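> here are the coordinates; sequence isn't available:
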């Protein structure tokens, strides 16, 4: 299990060595409990017991239940990957499949994945994971614009979020994984006829007096 991108709770004692093994046990227990009972019924006492530590230790290190759940989910996040295949289509397919994408969370049960929709959990994930994922994708799109594959006013986030949203819908609602051939067709169509950013509102005319 990779090192989580979220830092331990700020109230942790400075200079105290971080028990990596404990963190991995806690995260494993959180993900198992999320899959078994979902976020609302997840209890810190149960997590602590399964991880072999006290409830106080869990609260001291991670602070709150939403933060703990966010850290545990983020521990499944693969982190940034340097992707540059020389063309946007291959770059985006790799980004969605093996890069910093929430589709990497596909092994989690749907009831566990829905924890990401909890406002407090989502806030942590948005700040520490989603923003990083979008920044990595921005680099892919910037290169594509420089190569002339896309116009400068392309709505790049819509292209990215369409691919990710389709993948999540297929996996968790339709119950089947999005095939790479389908993903390529969707992305190729979006690249060929990309959505465009709206024109900025015109500046108000100066008041002639």
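Arrived safely. What you are looking at is a predicted structure, and each value in this text was computed from that prediction instead of being measured.
> can you pull the contacts of residue 159?
Residues counted as contacts of residue 159 (C-beta atoms under 8 Å, 6 or more residues apart in numbering) are 92, 141, 187, 190, 191, 194, 195. C-beta coordinates here come from the backbone N, C-alpha and C atoms, glycine included.
> surely the last one is in contact with residue 155?
Same thing as residue 195. Yes. Using C-beta atoms under 8 Å, residue 195 is in contact with residue 155, at 4.2 Å.
> if you rank the contacts of residue 159 by neighbours, which is first?
residue 92 (27 neighbours; other C-beta atoms under 10 Å).
> do I have it right that that one meets residue 188?
No. If you go by C-beta under 8 Å, residue 92 and residue 188 don't touch, sitting 9.6 Å apart.
> closest to residue 177 among the contacts of residue 159?
Distance ranking of those against residue 177, using C-beta to C-beta, places residue 187 first at 16.1 Å.
> that closest one: which element?
Using DSSP states H and E, residue 187 sits within helix 180-192.
> which residues does residue 184 contact?
With C-beta under 8 Å, 6+ apart, residue 184 has these contacts: 89, 93.
> now do it against residue 89, distance only.
7 Å (C-beta to C-beta, to the nearest Å).
> what of residue 141?
From residue 141 to residue 89 the distance is 12 Å (C-beta to C-beta).
> name the helix or strand of the protein that has the lowest mean pLDDT.
helix 110-113 (a mean of 72; mean pLDDT, DSSP states H and E).
> how's the protein carved up into domains?
Domain assignment for the chain by automatic domain parsing gives 20-74, 88-192.
> please identify the most buried of these.
domain 20-74 (a mean of 18; mean count of other C-beta atoms under 10 Å).
> so how far is residue 28 from the closest residue to residue 26 other than its chain neighbours?
Setting aside the residues directly before and after it, residue 26 is nearest to residue 51 in space (C-beta to C-beta, 6 or more residues apart in numbering), at 4.4 Å. Distance from residue 51 to residue 28, counting by C-beta to C-beta: 8 Å.
> let me know the pLDDT of residue 104.
With respect to pLDDT, residue 104 scores 51.
> and for the one 10 residues further on?
Confidence per residue is given as pLDDT, and for residue 114 that number is 79.
> thinking again about what came up before, of all the domains of the chain, which one comes closest to residue 82?
domain 88-192 (8.9 Å).
> now do the same end-to-end measure for the closest one.
End-to-end distance for domain 88-192, by C-alpha to C-alpha, to the nearest Å: 11 Å.
> in which helix or strand does residue 124 reside?
Per DSSP H and E: helix 119-125 holds residue 124.
> residue 50 too?
helix 44-51.
> centre of the chain versus the helix or strand following that helix, how much separation?
Sequence order places helix 55-62 as the next helix or strand after helix 44-51, per DSSP H and E. From the chain centre to the centre of helix 55-62 is a distance of 25 Å (C-alpha atoms, centre = their mean, to the nearest Å).
> repeat for stretch 58-74
16 Å.
> begin at 121, not 1, for the rest of this chat.
Sure thing, new numbering starts at 121, so read that last one as stretch 178-194.
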